[in-house]
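S.K.: okay, sequence plus prediction incoming.
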Amino acid sequence: MSTIGFIGLGNMGAPMAANLAKAGEKVFGFDLVPTAREAAVRDGVEIAAGARQAVADADVVITMLPAGEHVTAVWTDVLPAAKKGALFIDCSTIDVASARAAHGLAAKRGVAALDAPVSGGVGGARAATLTFMVGGAEEAFGRGKPLFERMGKRVVHCGEAGNGQVAKICNNMILGVSMIAVSEAFVLGEKLGLSHKALFDVASVSSGQCWSLTSYCPVPGPVPTSPANNDYKPGFAAALMLKDLKLAREAARSTGTETVLGAHAAQIYEAFAQQGHAADDFSAIIKLVRAHAHRA
Ligand code: NAD
């Protein structure tokens, strides 16, 4: 059993902390929001008086926060309170530069660190089926792995500091672009009189197949579990897809990489969010594609 300090008990952090507690770890949690703290207590998490108190006895500290500035601020605040030999793990999705800066903060204090963003959403966090993409030294990875396995199903060591975040934004750039591509194909098929079923039956076993089509189809019918069958309730909200596409765009700019389709996908999701669809599942982007098709 390890003692874990868990900071950020929101939609993702709460069920992740709960799964650690359920597995017998001693979890001291903290969140700025009182209702998040109260809910965590019901899940077996002990609430600390503050972030520093949550890490004071911890062998492992996990953060699950909204963005890079929160992670570097919290790590700066709590690192001096951490035990010698503690391992710091950030599971948030943040920009690569902040992730690497957080590793630097930990290194300055002689503390091992990992960036370990996840995919699988709130459902995966609850069911402990998340995928962890991990950046950091081999030795630190070996220490973190048993905890990742308590919160998830798949764990991939992606290499050095920050590479977990790199893998996450590259993967989600593929996802954002491919969802738009699949949506465009269905809308073009509609215009030409092709049924959704016929296109699905062909593309799902042909070279057009991809996760956006076969697991998360943006039209109702072919994949009964996709959010399209549930009025596009998330799932994975368009706002979160936009966040990840913006992180990819920022990383592309900072490295002088041309990601034409990734950048265009960010613009399309931005327009969609501005039209009031930020809380819809990201596969609802087909509505915007269809609206543009009818305008043309
Ligand atoms: P959330 O907003 O529900 O939770 C974040 C929590 O952090 C909030 O409860 C907030 O009060 C707390 N917080 C912020 N600053 C704090 C501080 N200084 N000290 C203590 N607590 C603080 O967000 P979420 O959906 O849980 O997502 C967390 C991270 O996981 C984000 O980076 C997100 O991009 C990523 N992510 C989310 C999903 C998803 O489906 N929700 C999927 C994959 C990755």
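M.R.: All right, it came through fine.
S.K.: where does the stretch 101-250 of the chain have low pLDDT?
M.R.: Within the stretch 101-250 of the chain, the set of residues satisfying pLDDT under 70 is empty.
S.K.: how about the residues of it by the ligand?
M.R.: By C-beta under 6 Å from any ligand atom, the part of the stretch 101-250 of the chain that sits against the ligand consists of V118, G121, V122, F236, L240, K243. Heads up, the C-betas are built off the backbone N, CA and C, glycines and all.
S.K.: so which of those residues comes closest to E149?
M.R.: Taking C-beta to C-beta as the measure, E149 lies nearest V118 of these, at 12.8 Å.
S.K.: re the thing from before, of the residues of the stretch 101-250 of the chain next to the ligand, closest to H294?
M.R.: Top of the list for closeness to H294, among these and by C-beta to C-beta, is F236 at 25.9 Å.
S.K.: for the closest one, give its distance to P222.
M.R.: When distance is defined by C-beta to C-beta, to the nearest Å, F236 is 19 Å away from P222.
S.K.: got it, and F148?
M.R.: Counting by C-beta to C-beta, the separation of F148 from P222 is 33 Å.
S.K.: pLDDT of the one helix or strand Q267 maps to, averaged?
M.R.: Assessed by DSSP states H and E, Q267 sits inside helix 260-272. For helix 260-272, the mean pLDDT works out to 98.
S.K.: contacts only, for the residue in the stretch 101-250 of the chain positioned nearest to the ligand.
M.R.: The stretch 101-250 of the chain approaches the ligand most closely through G121 (3.8 Å), counting by C-beta to the nearest ligand atom. Going by C-beta atoms under 8 Å, 6 or more residues apart in numbering, G121 touches M12, P234, G235, F236.
S.K.: could you dump the residues you listed to TSV with secondary structure?
M.R.: Formatted as TSV, the contacts of G121 follow (DSSP: H, G, I helix; E, B strand; the rest coil):
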residue	secondary structure
M12	coil
P234	coil
G235	coil
F236	coil
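S.K.: okay, those in a markdown table with neighbour count and distance to K287 next?
M.R.: As requested, the contacts of G121 are exported to a markdown table (neighbours: other C-beta atoms under 10 Å; distance: C-beta to C-beta, whole Å):
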| residue | neighbour count | distance to K287 |
| --- | --- | --- |
| M12 | 23 | 26 |
| P234 | 20 | 14 |
| G235 | 20 | 14 |
| F236 | 21 | 16 |
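S.K.: what about the closest residue to H103 other than its chain neighbours, which SS state?
M.R.: Nearest residue to H103 in three dimensions, chain neighbours excluded: A161, at 3.9 Å (C-beta to C-beta, 6 or more residues apart in numbering). Following three-state DSSP, we place A161 in the coil state.
S.K.: am I right that A161 is in contact with G136?
M.R.: Yes: the criterion here is C-beta atoms under 8 Å, and A161 meets it with G136 at 5.6 Å.
S.K.: any shared contact partners between those two?
M.R.: Contacts common to A161 and G136, judged by C-beta under 8 Å, 6+ apart, are H103, A113, D115.
S.K.: okay, now the last one: neighbour count?
M.R.: Other residues lying near D115 total 32 when counted by other C-beta atoms under 10 Å.
S.K.: next one: the second one
M.R.: Using other C-beta under 10 Å, the number of residues around A113 comes to 27.
S.K.: quick one: the strands in the stretch 1-150 of the chain?
M.R.: Using DSSP state E, counting those that start in this stretch, the strands of the stretch 1-150 of the chain run over residues 3-7, 26-30, 46-47, 60-63, 87-90, 112-115, 118-119, 130-135.
S.K.: elements contacting the first one?
M.R.: Spelled out, that is strand 3-7. Applying 3 or more C-beta pairs under 8 Å, 6 or more residues apart in numbering; DSSP states H and E, one finds that strand 3-7 contacts helix 13-22, strand 26-30, helix 51-55, strand 60-63, helix 68-78.
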